[in-house]
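**Q** Need a 3D model of the sequence below.
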Amino acid sequence: MPIQLTAEPRSDFGKGAARRLRRDGRIPAVMYGGNNEVVHVSLPEHETTLALRVPSATFEIALSGATTLVKPRDVQRDPVRRNVEHVDLIIIDAAEARERESRSKVMVAEAEAAAEAAATAAAPKGAAEEPEQAAAEGESAEGASGEGSQES
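**A** Have a look, this model is predicted:
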């Protein structure tokens with residue numbers, strides 16, 4: 001399922017216009033690809049930043065009543081703050097969107113499996129040491145009390 005974002009067209013360009021957009025909580029972006037013309041848009045900052053965290057994500061951009069399937073091609077970030085400053089979006093067809101969606105699900109499942117395996121590998125090791133330590137402490141306590149009673 002593509003991530004849905006609502007875009008607004010933009011007609012102002014340049015550093016000053018981009019800074020005004022970012023100050024208003026929007027990210028300047030450009031959509032292009034296929035036989036389509038280049039379309040300059042602005043996207044909501046918070047939703048776009050969250051959407052870009054998804055591996056192999058596809059976006060469904062709603063612009064002026066029409067929706068377009070796109071994938072991120074280039075994301076420019078501030079080198080210090082790591083905020084998204086600009087996004088290049090490539091227009092794709094529905095077949096490529098389905099392929100990217102299945103690839104995204106596989107990548108997420110593999111990451112979850114790796115995290116679960118790491119947690120499982122760490123848990124038995126710690127749990128196995130505790131009973132052994134308790135048994136060793138119990139034996140040393142019994143041995144100490146047993147030795148003291150034999151000498152008397």
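**Q** alpha carbons only for contacts and neighbour counts from here, please
**A** Noted.
**Q** where do the strands sit along the protein?
**A** Secondary structure of the chain (DSSP state E): strands located at 3-6, 8-9, 26-33, 36-44, 59-63, 66-77, 84-91.
**Q** Got the confidence number for the residue nearest the centre of the chain?
**A** For the chain, the residue sitting closest to the mean C-alpha position, by C-alpha atoms, centre = their mean, is residue 53 at 3.0 Å. Predicted confidence (pLDDT) for residue 53: 87.
**Q** Quickly note the distance from it to residue 69.
**A** Summarising the geometry, the distance separating residue 53 from residue 69, computed by C-alpha to C-alpha, to the nearest Å, is 18 Å.
**Q** Under the pLDDT cut-off, which ranges of the chain? List them.
**A** Per-residue confidence of the chain (counting by pLDDT under 70) places the weak regions at 1, 124-152.
**Q** can you rerun that using 50?
**A** 152 (pLDDT under 50).
**Q** sorry, back to before: which of the strands of the chain sits closest to residue 16?
**A** Of all the strands of the chain, it is strand 26-33 that lies closest to residue 16, at 11.7 Å by C-alpha to C-alpha.
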